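A.B. asks: A structural model of the following input is requested.
(one chain, ligands or ions: 1)
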Amino acid sequence: MERTHPSVDNLYRLLMGPVATTPEKPAVVQADENGALEETSYRRLDRQVEEYAAVLDGLGLDVGDRVVVEADTSAASVALLLACAKLGLPFVPVSPQSPDARLRSILRSVEPALHARAEGLDHREPTASVGSALFGPSGLVVERPPTRRVRRRRNVLATDTAYIIFTSGSTGTPKGVVMSHRSIVTFLRAMLADGLVAPDDRVAGTSPLQFDFALFGIGVALAAGATLVPVPRANLDSPRRMVGFLKDAEVTQVHGVPSLWRPVLRVDPDLLKELGQLRSVVFAGEEFPIPELRRLQETLPGVRLVNGYGATESMAASFTDVPDPLPADQERLPIGHAHSGAEMTLVGRQGEVLTEPGLTGEIYLHSPSLFTGYWNDPEATAAVLVPDPAEPRHGQVVLRTGDLARLGDHGELYFLGRSDYQVQIRGNRVELGEIEAALTRLPAVTAAAATLVPRAGDHVLMAAVVLDRPEAELDVRAALDFCARELPAYMVPRSIHTVPELPLTENGKVDRASLTRTLAAPR
Ligand code: ADP
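C.D. replies: Numbering: from 1, shown residues only. Predicted structure coming up:
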């Protein structure tokens with residue numbers, strides 16, 4: 001069954017490294033069915049990986065055959081992902097909350113050999129052409145074996161695929177991002193070098209398994225020999241339950257999208273004071289609205305707040321400490337410099353590399369951790385894996401991110417927004433992010449989203465805002481006057497709507513398409 005050579009980068013080898021040095025340390029701490037905390041040591045986790053791998057190996061699958069894993073993050077699901085990695089079977093994580101249509105479209109697209117589901121999930125109609133299995137602490141049970149495959153490959157190489165993540169669509173139509181073992185292992189080694197996680201950290205993950213932010217948490221925690229603490233989804237529904245769980249599990253680092261913190265900041269920020277063990281918060285996936293970030297910083301004095309910027313196509317690109325304290329006039333957050341072993345370059349509209357502070361351009365990433373390509377989409381791949389603009393003659397490809405940034409005085413970058421959030425209004429190029437930044441300067445507004453809404457053959461600009469307290473009210477007239485003073489006339493929203501929460505995607509990012517539909521509906 002040994003398909004990986006010790007000299008070859010492999011996700012399983014990196015993450016199960018601590019078995020040799022700290023076998024009894026908890027790798028995963030999770031809540032059992034009754035909510036009690038249960039520890040899985042590195043040794044036990046590795047044993048579970050071996051058990052799963054033995055069953056998978058008996059199915060006659062070839063290196064490169066895909067396994068869709070439908071589960072929340074748990075010791076069992078981590079073990080299954082690692083068993084797949086060990087055998088060179090790319091895993092495709094899907095969250096149990098994924099709508100049937102999305103799951104079906106993923107199954108159709110990746111044509112997996114096996115669809116493995118965590119025990120205890122709601123029943124879904126199985127897909128006839130795909131093998132199916134159930135897994136849990138007691139093992140991996142194959143319900144319908146996959147059709148026999150031809151074994152053409154003997155070894156798992158560093159260039160082989162570790163996983164395929166389907167993006168959620170906040171960056172365009174969902175695409176299957178194919179990541180190799182070499183890319184993900186090189187990335188996680190950089191995280192170790194940069195010391196993001198210490199071996200004594202207890203790292204809470206809050207993202208669904210289908211979002212690579214969850215894989216990031218699993219990766220950085222286990223690579224460092226630390227402890228992963230998946231937060232049960234039910235605990236994320238209420239600020240009190242979320243804080244209670246983080247406290248009981250003695251979490252020292254929390255990973256989450258900015259919207260994770262919105263309910264607790266609005267309803268009862270003082271709850272956060274109970275988190276005495278907390279040392280750092282890593283947020284990623286989208287911009288953290290500055291008023292909310294400021295509040296988080298004030299409520300958690302001394303806790304390091306880290307802005308993780310990047311895309312699934314390289315897992316992440318940079319980790320930048322939020323200035324402490326955030327200056328009163330801070331308008332955009334720094335995304336700094338790339339992590340160790342990578343570099344971000346700013347490129348202008350004519351493809352020229354920008355080096356002058358103050359200039360704005362698109363971020364290109366040089367990195368050994370770039371994705372291999374989009375699953376079954378060479379055209380989309382070629383559009384973003386492009387020749388290095390600094391020296392195209394090398395033949396090296398770099399990642400064209402589609403993100404805009406401004407260059408600071410010391411070469412650090414400030415995120416400005418996605419280039420596709422640039423819209424045309426009456427012939428003027430407008431960054432929706434700039435309008436949102438202006439709205440969050442209004443006293444009671446803590447988060448905002450602007451969008452173009454179709455109206456009578458044209459488009460009008462509308463905005464939604466979240467206020468700092470549930471009972472607060474917005475003086476819309478004054479807010480529009482404020483916008484008129486702060487922004488050019490064509491950037492002033494036609495209307496501003498107060499909402500208790502911005503609509504979110506399954507991954508917890510602002511869902512602009514849904515907001516546009518809501519604002520377009522006649523009221
Ligand atoms: P999707 O959202 O479609 O699932 P990704 O998760 O890969 O796909 O989204 C990556 C994009 O998210 C980046 O290109 C960038 O626009 C945005 N993003 C990620 N992290 C940050 C951050 N810290 N600040 C601002 N934007 C971010």
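A.B. asks: and for Thr161, the neighbour number?
C.D. replies: The burial count assigned to Thr161 is 25, neighbours taken as other CB atoms under 10 Å. (Each C-beta comes from the backbone N, C-alpha and C, glycine too.)
A.B. asks: next up, the contacts around the closest residue to it other than its chain neighbours.
C.D. replies: Leaving aside its sequence neighbours, Thr161 sits nearest to Pro90 (CB to CB, 6 or more residues apart in numbering; 4.0 Å). Shown in contact with Pro90 (CB atoms under 8 Å, 6 or more residues apart in numbering): Gly64, Asp65, Arg66, Val67, Cys84, Asp160, Thr161, Ala162, Tyr163, Ile164, Val178.
A.B. asks: what is the burial count for Thr22?
C.D. replies: 16.
A.B. asks: surely it is in contact with Asp46?
C.D. replies: No - using CB atoms under 8 Å, Thr22 is not in contact with Asp46, being 11.7 Å away.
A.B. asks: so which residues on this structure come close to the ligand?
C.D. replies: Proximity of the chain to the ligand, by CB under 6 Å from any ligand atom, involves residues 167-171, 284-287, 307-312, 401, 403, 415, 418, 507, 509.
A.B. asks: which secondary structure elements does the helix or strand that contains Ala27 sit against?
C.D. replies: Per DSSP states H and E: Ala27 is located in strand 26-31. When contacts are defined as 3 or more CB pairs under 8 Å, 6 or more residues apart in numbering; DSSP states H and E, strand 26-31 sits against strand 37-41, helix 42-57, helix 75-87, strand 227-230.
A.B. asks: hey, C-alpha coordinates of stretch 490-501 in CSV?
C.D. replies: Only the C-alpha atoms of stretch 490-501 are listed here, as CSV (Å, rounded to 0.1, in the frame of the first residue of the first chain):
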residue,chain,number,x,y,z
TYR,A,490,-22.5,59.5,-9.7
MET,A,491,-21.3,57.4,-6.7
VAL,A,492,-24.0,58.4,-4.3
PRO,A,493,-26.5,55.5,-3.8
ARG,A,494,-30.1,56.1,-4.9
SER,A,495,-31.2,54.5,-1.6
ILE,A,496,-29.7,53.1,1.6
HIS,A,497,-31.4,50.2,3.4
THR,A,498,-30.8,49.1,6.9
VAL,A,499,-30.5,45.3,7.4
PRO,A,500,-29.8,43.2,10.5
GLU,A,501,-27.2,41.2,8.6
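A.B. asks: mind listing what's buried in that stretch?
C.D. replies: The neighbour-count check on stretch 490-501 (16 or more other CB atoms under 10 Å) flags Met491, Val492, Pro493, Ile496, Val499 as buried.
A.B. asks: how much space separates the residue nearest to Pro145 when sequence neighbours are not counted from the ligand?
C.D. replies: Counting by CB to CB, 6+ apart, Pro145 lies nearest to Gly131, which is 5.4 Å off, once chain neighbours are set aside. Remark: distance between Gly131 and the ligand (CB to the nearest ligand atom, to the nearest Å) = 27 Å.
A.B. asks: please apply the same query to Ala71.
C.D. replies: Ala71 sits 19 Å away from the ligand, taking CB to the nearest ligand atom as the criterion.
A.B. asks: next one: Arg294
C.D. replies: 16 Å.
A.B. asks: could you do Ala53 as well?
C.D. replies: 29 Å.
A.B. asks: ok, and the closest non-adjacent residue to that residue?
C.D. replies: Ala83 (4.0 Å).
A.B. asks: now do the same contact list for the one you found.
C.D. replies: Residues in contact with Ala83 (CB under 8 Å, 6+ apart) are Tyr12, Val49, Glu50, Tyr52, Ala53, Leu56.
A.B. asks: by contact count, what packs against the helix or strand containing the first one?
C.D. replies: Element membership for Tyr12, per DSSP H and E: helix 11-15. Applying 3+ CB pairs under 8 Å, 6+ apart, we find helix 11-15 packed against helix 75-87, helix 181-194, helix 212-223.
A.B. asks: report the helix or strand with the lowest average pLDDT across the protein.
C.D. replies: strand 422-425 (a mean of 83; mean pLDDT, DSSP states H and E).
A.B. asks: on contacts alone, who are the packing partners of that one?
C.D. replies: Strand 422-425 packs on strand 428-431, strand 458-467, going by 3+ CB pairs under 8 Å, 6+ apart.
A.B. asks: still on that earlier bit, next, the buried residues of the helix holding Tyr12.
C.D. replies: Buried residues in helix 11-15 (16+ other CB under 10 Å): Leu11, Tyr12, Arg13, Leu14, Leu15.
A.B. asks: name the residues that touch it?
C.D. replies: 4, 6, 49, 82-83, 85-86, 162-163, 181, 184-185, 188-189, 218-219, 222-223.
A.B. asks: next structured bit after that helix?
C.D. replies: Scanning forward in sequence from helix 11-15 by DSSP H and E, the next helix or strand is helix 18-21.
A.B. asks: roughly how far out does that following helix sit from the chain middle?
C.D. replies: Mean-position distance between helix 18-21 and its chain equals 28 Å (CA atoms, centre = their mean, to the nearest Å).
A.B. asks: helices or strands up against it?
C.D. replies: helix 42-57.
A.B. asks: could you list the residues in contact with the helix it packs on?
C.D. replies: 1, 12, 16, 18-19, 22-28, 40, 67, 75-76, 78-80, 82-84, 86-87, 89, 114, 133, 135, 137, 139-140, 142, 225.
A.B. asks: among the residues you listed, name the buried ones.
C.D. replies: 12, 16, 18-19, 22, 25-28, 40, 67, 75-76, 78-80, 82-84, 86-87, 89, 114, 133, 135, 140, 142, 225.
A.B. asks: which residues in the stretch 301-450 of the chain form helices?
C.D. replies: 378-384, 432-439 (DSSP state H, counting those that start in this stretch).
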